[in-house]
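Q: Sequence plus the predicted model coming up.
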Amino acid sequence: MTVAIMEPCWGFGEYFCVFQIYIAFLCASLSLGNLVLISIDRYVAVCDPLLYHSKITITRMMCCIFITWCCCIIYRAAIIKDIVNVQVPSQCLKECFIVEGITWGNIIDLVITMVVPCSVIITLYLKIFVVARSQARKVFSKEAASVSGVKTVQANKSERKAAKTLSIVVINYLICWIPFLFSFFLYF
């Protein structure tokens, strides 16, 4: 990708151009898929901690990762031919790829590969925050039943810590992936 950006002439040929675009989109899809799996894992760990080890096993997670990777690989391979239109001039490949405008297929692809995973991750992390907050209140209310002033201070401190951690995770996620979303539209 660095060569495609820095060099005025793409010297690696048409097939490698398509391959590097495929790998770039595949890496983005795979990382989002993995982040969705992590958020599901954290959701089960927080919302159902007693059954976590029976629900989330190594074999089950390996199967989920394998299925996610296979789906991303197959999906990206199926749609790469629709978004890549390589044009080879007589001397060299002037640009690695040219996309011919925004189509409904591009928008649907964006929804499937960016909007849906982002929505799932944010929804699960918000549910985790709500459950963690209620659990923290229950724990601190039982621990500090004899001391009324300590209960409120500890519960608020724990809620602030959970909210801060969750907001850092979600905001960093969005900061890292929103530029990809905008670059998607800039290329089209």
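A: Now that the structure is in, tell me what you want to look at. Numbering: from 1, shown residues only.
Q: Now the helix or strand hosting V36: buried residues?
A: Taking DSSP states H and E as the criterion, V36 maps to helix 14-47. Buried residues in helix 14-47, counted by 16 or more other CB atoms under 10 Å: 17-18, 20-22, 25-26, 28-30, 32-36, 39-44, 46-47. (Each C-beta comes from the backbone N, C-alpha and C, glycine too.)
Q: ditto for stretch 62-75
A: C64, T68, C72, Y75.
Q: what pLDDT, on average, does that stretch get?
A: In this model, stretch 62-75 has a mean pLDDT of 94.
Q: Export that stretch to CSV, keeping only CA atoms.
A: Provided in CSV are the C-alpha atoms of stretch 62-75 (Å, rounded to 0.1, in the frame of the first residue of the first chain):
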residue,chain,number,x,y,z
MET,A,62,-11.6,-21.6,18.0
CYS,A,63,-14.7,-22.6,16.0
CYS,A,64,-16.1,-19.1,16.2
ILE,A,65,-12.8,-17.6,15.1
PHE,A,66,-12.5,-20.1,12.2
ILE,A,67,-16.0,-19.4,11.0
THR,A,68,-15.4,-15.6,11.2
TRP,A,69,-12.2,-15.9,9.3
CYS,A,70,-13.7,-18.2,6.6
CYS,A,71,-16.7,-15.9,6.2
CYS,A,72,-14.4,-12.8,5.8
ILE,A,73,-12.1,-14.6,3.4
ILE,A,74,-15.0,-15.9,1.2
TYR,A,75,-17.0,-12.6,1.4
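Q: sorry, back to before: who does the helix holding V36 touch, helix- and strand-wise?
A: Counting contacts by 3 or more CB pairs under 8 Å, 6 or more residues apart in numbering; DSSP states H and E, helix 14-47 is packed against helix 52-55, helix 58-83, helix 116-143, helix 148-187.
Q: again, only this time at 7 Å
A: Under the contact criterion of 3 or more CB pairs under 7 Å, 6 or more residues apart in numbering; DSSP states H and E, helix 14-47 touches helix 52-55, helix 58-83, helix 116-143.
Q: wait, doesn't L35 sit right on I121?
A: Yes - between L35 and I121 there is a contact under CB atoms under 7 Å: 5.9 Å.
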